[in-house]
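Student: give me the fold of what follows.
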Amino acid sequence: METIFSSGPRVRGRLASSYILAGWASVTALATISAILPRESLTFGMVALGPALAAPSACPVAVLAIGGYALATSFAVSTWQGLLGSAGQIFRLLFVAVAIVICWFLALHHQRMLRISRDAARERERLAAVAEQSSDAIIATTLDGIVTAWNGGAERMYGWRADEVIGRPFADLILPDGSRDIVQETPARLAAGEQITLSETSRVRKDGTTFLAAVTIWPVRDEHGVVVAAAATERDITEETTVRERTARADRMESLGQLAGGVAHDFNNLLAIILNYADFLADEVTGDAAEDLARIRNAADRARSLTNQLLLFAKSEPTQVEVIDLNQVVTEAVALLSRSIGENIRLVSRPAPEAMPVRANRGRLDQILLNLVINARDAMPEGGVVSMETDLVELGEGPSTAPPAGSYVQLTVSDTGCGMTAEVRDRLFEPFFTTKPADRGTGLGLATVYGIVGDAGGTIGVESAPGVGTTFRILLPSAAAAVTSPAGPAASDHGHGHGELIMVVEDDDFVSDLVIRVLRENGYRATAFGDDSLAALDMQDVALLLTDVVLRGRSGPMLASRLRARRPDLPVLFMSGYSDAEVRREHGIDIDVPILQKPFTAVELLAGVGEALNTAPVTHRAASN
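Tutor: Just a heads-up that it's a prediction; the model follows:
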């Protein structure tokens, strides 16, 4: 029976046929012998051996057939010997019949056992196929760490074939040096029946590269419940971990961006006051006081630039997108940047021979190059070479972390500087992270680059090692449209008013006083209004509503809507210290509606007011004069 259970289908079929044939032959032989022997020997009952020999065939029908044949031959032989109706005949015929029934039950039991064994074997084969084709590594070892099983997933994950690892200690093959202590603790924990889960641990491939894996190890018990081995499933989570870290970094940067936008709003109001009052005093002071005032003005300009970087990092600075040749940007940047990086550093540009059109903001592209080149300069205090290259690359389908397939313009900025460690490289684009002294860096330069590139639909990568230098590779989607040159603003005179009444609505009294002073000193009638005076105001006399977007308890667009209900043609100019994109989205301001960004100088304020009046209906402007 054990032979039948452990054999294949064809072998089992041949063995069953052999048992049936043996049963039939034995019945025939025993019946013949019984017929020859004297009837006093009463040997015809020996034919019961035939069904017994057929029982291992696991075929109940065959057992019944052979049993019927044995019963018939026994009756025939005993009758021929003159024993018909005798006690000996009846007793032996009953013995044969009972033997047939017992053998039938045995064959039926064998058949069921064989079916169960066959189903179990098929299940084991399916499980073995699933384990072999699994993308996870499935490894079995003895308690002392010798590999006994190694599936296809383990071969693909680690690069070792099964015949190369079975019989060897797995710790010597896939564990980094720092993980050997864990192996020493594992056998005792497994022997105690504990399942071990490692959500993130390091592993080493055959070629020496390391990766992160999630590992589950459980004890394997024998039939007595004793732990005799260990089995483990291991899954490569390197890409998953990378995506999770990038998502977390993006969330942190978004939170910091929101914080930066809020800080920039209040800061912009203060800067507007500092910049303009410094300009007011510029013509009134001389000597050392004038130099001190110039330093104040320069510091305010630097603070204004820093605020712009904060808004840019938050992806909130207003942008005008156009199709532009990246080759042109790189070529024109050489002349400008060469004068700012020092004589001991050589700046080289290698633009591609054909046009490299991208859809982006020209100012932001310039800022990318400026930040990267300045970063390279600081990495080469003893001098070196900075190169800027452009090229067209075609990307196919890649992992989920890779850019989508398509055509990309690649901007490469590399230097021969000191390079950086892996730890610094991983944090390079975090806002406010810097390795420079406090007086030399804010930690926003590369974070700003990261924000600009992401906002343009591109990606940025960095390659660096200590003593080797650093290479930044930026991929921007290639623009299908032809390269166009940016059109400059039309020249017009917005410097002086002609008595127009400008209604100023601003929560910050200092900013409101500043705006009114600038306007009055340049030919406008300007005044600040509150809720009490709005109801009684003669709207026909107002040439322009100049209002902040965000006001206490209300908003500039809501105020403009109320006033335009009384005067539909009322010109409106919004101003804001928040980001352009943010206030437009939150307050529903159309992209064509101008917003004067704080901090503004007197020139910028007058230009915005003049532009808003010039686009007002002609009849209204005539009535104002």
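Student: just the CA atoms of stretch 449-464, as PDB, please.
Tutor: Extracted as PDB, the C-alpha positions of stretch 449-464 are listed here (Å, rounded to 0.1, in the frame of the first residue of the first chain):
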ATOM      1  CA  VAL A 449      15.900  74.800  -6.900                       C
ATOM      2  CA  TYR A 450      14.000  71.700  -5.900                       C
ATOM      3  CA  GLY A 451      10.700  73.600  -5.700                       C
ATOM      4  CA  ILE A 452      11.300  75.300  -9.100                       C
ATOM      5  CA  VAL A 453      12.100  72.100 -10.800                       C
ATOM      6  CA  GLY A 454       9.100  70.300  -9.300                       C
ATOM      7  CA  ASP A 455       6.800  73.100 -10.200                       C
ATOM      8  CA  ALA A 456       8.000  72.900 -13.800                       C
ATOM      9  CA  GLY A 457       7.100  69.200 -13.900                       C
ATOM     10  CA  GLY A 458      10.700  68.100 -13.800                       C
ATOM     11  CA  THR A 459      13.000  66.100 -11.500                       C
ATOM     12  CA  ILE A 460      16.500  66.700 -10.100                       C
ATOM     13  CA  GLY A 461      19.100  64.200  -9.000                       C
ATOM     14  CA  VAL A 462      22.600  64.600  -7.600                       C
ATOM     15  CA  GLU A 463      25.700  62.500  -7.800                       C
ATOM     16  CA  SER A 464      28.500  63.200  -5.400                       C
END
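Student: average model confidence for that stretch?
Tutor: Averaged over stretch 449-464, pLDDT sits at 84.
Student: give the buried residues for that stretch.
Tutor: Buried positions in stretch 449-464, judged by neighbour count with 16 or more other CB atoms under 10 Å: Val449, Tyr450, Gly451, Ile452, Val453, Asp455, Ala456, Gly458, Thr459, Ile460, Val462, Ser464. C-betas here are computed from N, CA, C, even on glycine.
Student: make TSV out of the residues you listed and add secondary structure.
Tutor: Below are these laid out as TSV (DSSP: H, G, I helix; E, B strand; the rest coil):
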residue	secondary structure
Val449	helix
Tyr450	helix
Gly451	helix
Ile452	helix
Val453	helix
Asp455	helix
Ala456	coil
Gly458	coil
Thr459	strand
Ile460	strand
Val462	strand
Ser464	strand
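Student: identify the farthest-apart pair in these.
Tutor: Farthest pair in the buried residues of stretch 449-464 (CB to CB) is Asp455 and Ser464. Separation: 24.0 Å.
Student: tell me the contacts of Gly608?
Tutor: His494, Leu573, Met575, Pro594, Leu596, Phe600 (CB atoms under 8 Å, 6 or more residues apart in numbering).
Student: return the members of those classed as buried.
Tutor: Buried among those by 16+ other CB under 10 Å: His494, Leu573, Met575, Leu596, Phe600.
Student: need the residues you listed in TSV with secondary structure, can you?
Tutor: Shown next, in TSV, are the buried ones among the contacts of Gly608 (three-state DSSP):
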residue	secondary structure
His494	coil
Leu573	strand
Met575	strand
Leu596	strand
Phe600	coil
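Student: dump those residues into CSV; add distance to Val409 as well.
Tutor: Output for the buried ones among the contacts of Gly608, formatted as CSV (distance: CB to CB, whole Å):
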residue, distance to Val409
His494, 37
Leu573, 37
Met575, 36
Leu596, 34
Phe600, 34
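Student: in CSV, list these along with pLDDT and distance to Glu284.
Tutor: Below are the buried ones among the contacts of Gly608 laid out as CSV (pLDDT from 0 to 100; distance: CB to CB, whole Å):
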residue, pLDDT, distance to Glu284
His494, 48, 25
Leu573, 93, 29
Met575, 91, 27
Leu596, 89, 26
Phe600, 85, 22
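Student: now the contacts of Gly608 in CSV, with distance to Ala97?
Tutor: Shown next, in CSV, are the contacts of Gly608 (distance: CB to CB, whole Å):
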residue, distance to Ala97
His494, 122
Leu573, 115
Met575, 112
Pro594, 111
Leu596, 113
Phe600, 115
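Student: and the furthest pair within those?
Tutor: For the contacts of Gly608, and using CB to CB, no pair is farther apart than His494 and Met575, which are 15.3 Å apart.
Student: using PDB, write out the CA atom coordinates for the helix or strand harbouring Val424.
Tutor: Val424 belongs to helix 422-426 when assigned by DSSP states H and E. What follows is helix 422-426, C-alpha atoms only, in PDB (Å, rounded to 0.1, in the frame of the first residue of the first chain):
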ATOM      1  CA  ALA A 422      25.800  60.300   1.500                       C
ATOM      2  CA  GLU A 423      24.300  61.700   4.700                       C
ATOM      3  CA  VAL A 424      24.600  65.300   3.400                       C
ATOM      4  CA  ARG A 425      23.400  64.300  -0.100                       C
ATOM      5  CA  ASP A 426      20.200  62.700   1.300                       C
END
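Student: over to Pro169: give its phi and psi.
Tutor: phi -70, psi 130 (degrees, to the nearest 10).
Student: let me redo that: Arg567
Tutor: phi -140, psi 90.
Student: tell me which stretches of the stretch 51-200 of the chain form strands.
Tutor: Secondary structure of the stretch 51-200 of the chain (DSSP state E, counting those that start in this stretch): strands located at 137-142, 147-150, 196-204.
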